[in-house]
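J.: here's a sequence, model it:
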Amino acid sequence: MQNQEVFTQVVSAVRAVINVKEEDIRPETTFRGDLGAESIDMLDISSEIEKLMGKEVDMQAVVTHAKTAKGKAATELAIGDLVDFLSLN
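T.: Numbers count the residues shown, from 1 in each chain. Below you'll find the model as predicted:
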């Protein structure tokens, strides 16, 4: 699946859980800082992704992937980090 297709699915999952406009979600949008997502929201988002894409999401693996890709600069998970992870797996 290409990144744009994955991005579209992630946006759908996020919007199903968090009341946010589609145009406010960009790859650099952070879950916690920009969207105000809490732990339970992340669990719900991963559940929505599983429904939409048929892929189980291990958020700890996503965080590890982001930290590996960005190095120590990864302080917060962004939409693009999740998209990249899902595109690879």
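
J.: next up, the contacts around residue 37.
T.: Counting by CB atoms under 8 Å, 6 or more residues apart in numbering, residue 37 touches 17, 18, 31, 45. Backbone N, C-alpha and C define where each C-beta goes, glycine included.

J.: could I get the full set of helices for this protein?
T.: Using DSSP state H, the helices assigned to the chain run over residues 3-17, 39-53, 59-70, 79-88.

J.: tell me how far stretch 16-27 lies from the chain's centre.
T.: In terms of CA atoms, centre = their mean, to the nearest Å, the centre of stretch 16-27 is set 11 Å apart from its chain centre.

J.: how about it, which residues are buried there?
T.: Buried residues in stretch 16-27, counted by 16 or more other CB atoms under 10 Å: 17, 18, 20, 25.

J.: returning to what we had before: what's the closest of the contacts of residue 37 to residue 64?
T.: Residue 64 has its nearest neighbour among the contacts of residue 37 in residue 31, at 15.5 Å by CB to CB.

J.: what about the closest one, neighbour count?
T.: Per other CB atoms under 10 Å, the neighbour tally for residue 31 reads 21.

J.: in the protein, which helix or strand is least confident?
T.: helix 59-70 (a mean of 86; mean pLDDT, DSSP states H and E).

J.: show me which pair in the contacts of residue 37 is furthest apart.
T.: Pairwise across those, and taking CB to CB, the largest span is found between 17 and 31, at 10.3 Å.
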